[in-house]
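Asks: task: produce atomic coordinates for the following.
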Amino acid sequence: MKEKSLIPVTSVHIDGAGRFVARDHFRVAVSGDDVMVQISHIGQGFNQFLIDRIEESVEPCDVRFYDLTNSMSDVDIQQELGHAYAMKLGHVWQLLKNQGHGETGPLITNTWPNVFHIQTCNGRILPVSAQWWGYGVWTMNGGYPFDTPNYLSVSRVCGLWSKP
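Replies: Prediction:
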């Protein structure tokens, strides 16, 4: 039996939400009293594949967080997580909102990526990463799945665990 490379570290409940428009939430904003999530950069892949996403409903769910024991590709991560791991961007936003200024929580804030997988309207699964940088901002990247190991053992993987 193959040894698992993803070690569960914690899980959290995410409340549901109504309609979620990615462009209204994921935008560069680093200062101001009304900035919920300080984002300094949104990568080209995220802009190309995900920024125009509209989710009519974001269901409540439980999300499990895993630490990697070795380097892994998106393909390896998806295989180990199983079939029901893809999240919605609305779920990712709620997690970021809870740690929008680098607060302690389930997302790592040590400059290494938090990795999510988002299912598109056509069923394709795309990786998204959120990284907190020491100077107080998040960066968002994603859209390009890799079949070569590109996530190191210092990354954290987030996966949909269950829908209550």
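
Asks: return the distance of the top helix by length along the chain from the chain's centre.
Replies: Longest helix of the chain, by residue count under DSSP state H: helix 89-98. Distance of helix 89-98 from the chain centroid (Cα atoms, centre = their mean, to the nearest Å) equals 8 Å.

Asks: report all helices and strands that that helix contacts.
Replies: Under the contact criterion of 3 or more Cβ pairs under 8 Å, 6 or more residues apart in numbering; DSSP states H and E, helix 89-98 touches strand 6-14, strand 20-21, helix 22-25, strand 61-68, strand 114-119, strand 125-133, strand 156-162. Bear in mind the C-beta positions are built from the backbone N, C-alpha and C, glycine included.

Asks: please redo it, this time with the cut-off set to 7 Å
Replies: strand 6-14, strand 20-21 (3 or more Cβ pairs under 7 Å, 6 or more residues apart in numbering; DSSP states H and E).

Asks: how about those in JSON lines, adding distance to Asp76?
Replies: Conversion of the helices and strands packed on helix 89-98 to JSON lines gives the following (distance: least, Cβ to Cβ, whole Å):
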{"stretch": "strand 6-14", "distance to Asp76": "9"}
{"stretch": "strand 20-21", "distance to Asp76": "29"}
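
Asks: kindly compare burial across the ones you listed and name the winner.
Replies: Highest mean neighbour count of those: strand 20-21, a mean of 17 (counted as mean count of other Cβ atoms under 10 Å).

Asks: bridged to the most centrally placed residue in the chain, which residues?
Replies: Computing the C-alpha centroid of the chain and ranking residues by Cα atoms, centre = their mean puts Phe116 first, at 3.4 Å. Phe116 forms beta bridges with Val128, as assigned by DSSP bridges.

Asks: could you pull up the residues touching it?
Replies: Contacts here follow Cβ atoms under 7 Å, 6 or more residues apart in numbering; on that basis Phe116 touches 87, 92, 128, 158.

Asks: again, 8 Å this time
Replies: Applying Cβ atoms under 8 Å, 6 or more residues apart in numbering to Phe116 gives the contacts 87, 91-92, 127-130, 142, 158.

Asks: cool, and Leu6?
Replies: 66-69, 72, 77, 80-81, 157.

Asks: sorry, back to before: pLDDT wise, what is the residue nearest to the centre of the chain at?
Replies: Note for Phe116: predicted pLDDT of 94.
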